[in-house]
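**Student:** model the following, please.
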Amino acid sequence: MLEKNLSRRTFVSGAITLTGLFAAGCSTTATQGPKASALPASDKSFALSYGALPNEKFPIPAVRPEKLAPQFRRQRVIYKTSEPVGALIVDAPNFYLYHVEEDGYAMRYGVGLGRAGFEWSGRARVAWKRAWPTWTPPAEMIAREPELAKYSAKNGGMAPGIKNPLGARALYIFEGNVDTLYRLHGTANAASIGKAVSSGCVRLVNQDVIHLFNRVKNNSPILVKLA
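**Tutor:** Predicted structure coming up:
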């Protein structure tokens, strides 16, 4: 297990790299990833985990089984680590996020990663969380795509909703008191999980990010590993 403590310079420079890509709307142009296979329609466990959530502020549709590869579906696994209970571990090469539990277990989620997510590693914390967050493209993105100016900070950002790039929930990652611009967030595009997409964020399907959101406490440590 290779771990690397970030210096402020390294983490913030990585965050700057993420900024231009993160604002790409977490697009679904994939460069790799396994082919998903469907579970039988009668599989109740999949429906329980990934069924529709009509009572959300913005109703969330069910995930289609053929869009989410079985290995990237939420599950509790045996996971030996020296990280404390409650820590988050992003295993970038394998497209997994682990939430450490007691007695050598962890809840494992499949994630989609931006290409910039493979350019740095280290430790930080979940500074805060938001349900149905707004999204604000950075200035660099607006300069390249002026039509996004309507979502600038001075205009209040993009309103929450299913089409918002941050999805149903977002966890904001800080190194000390510095915003890394790195986010764990939701997506309605299940087919992007387990793949490298053209944005710089870590995405989970909305059902999984809600599950994670409800379990993670503010100031929980997060470790991002490249190997």
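
**Student:** every contact and neighbour count from this point should use C-alpha atoms.
**Tutor:** Will do.

**Student:** now Lys150. Nearest residue, chain neighbours left out?
**Tutor:** Using Cα to Cα, 6 or more residues apart in numbering and skipping the chain neighbours, the partner closest in space to Lys150 is Gly157 (7.4 Å).

**Student:** what about that neighbour, how many neighbours?
**Tutor:** Neighbourhood size, Gly157 [other Cα atoms under 10 Å]: 17.

**Student:** that one and Asn55, how far apart?
**Tutor:** Distance, Gly157 to Asn55, by Cα to Cα, to the nearest Å: 25 Å.

**Student:** follow-up on the earlier one: surely the residue nearest to Lys150 touches Tyr151?
**Tutor:** Yes: with contact defined as Cα atoms under 8 Å, Gly157 counts as touching Tyr151 (4.1 Å).

**Student:** mind listing the shared neighbours of these two?
**Tutor:** Common contacts of Gly157 and Tyr151 (Cα atoms under 8 Å, 6 or more residues apart in numbering): Trp135, Thr136, Pro137.

**Student:** where exactly do the strands run in the chain?
**Tutor:** Assigned by DSSP state E, the strands in the chain fall at 75-78, 88-91, 96-100, 105-110, 112-114, 122-131, 169-175, 178-187, 196-197, 202-205, 221-225.

**Student:** what helices or strands is the fourth one leaning on?
**Tutor:** Taking 3 or more Cα pairs under 8 Å, 6 or more residues apart in numbering; DSSP states H and E as the contact definition, the neighbouring helices and strands of strand 105-110 are strand 75-78, strand 96-100.

**Student:** and the angle for that strand with strand 96-100?
**Tutor:** Relative orientation of strand 105-110 and strand 96-100, computed by axes from the mean of the first three to the mean of the last three Cα atoms, to 10 degrees: 160 degrees.

**Student:** list the contacts of the residue nearest to Lys150.
**Tutor:** Thr134, Trp135, Thr136, Pro137, Lys150, Tyr151.

**Student:** return a PyMOL selection command for the buried portion of those residues.
**Tutor:** Selection of buried members from these for PyMOL, criterion 16 or more other Cα atoms under 10 Å:
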select buried, resi 134+135+136+137+151
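
**Student:** fine by me, thanks again.
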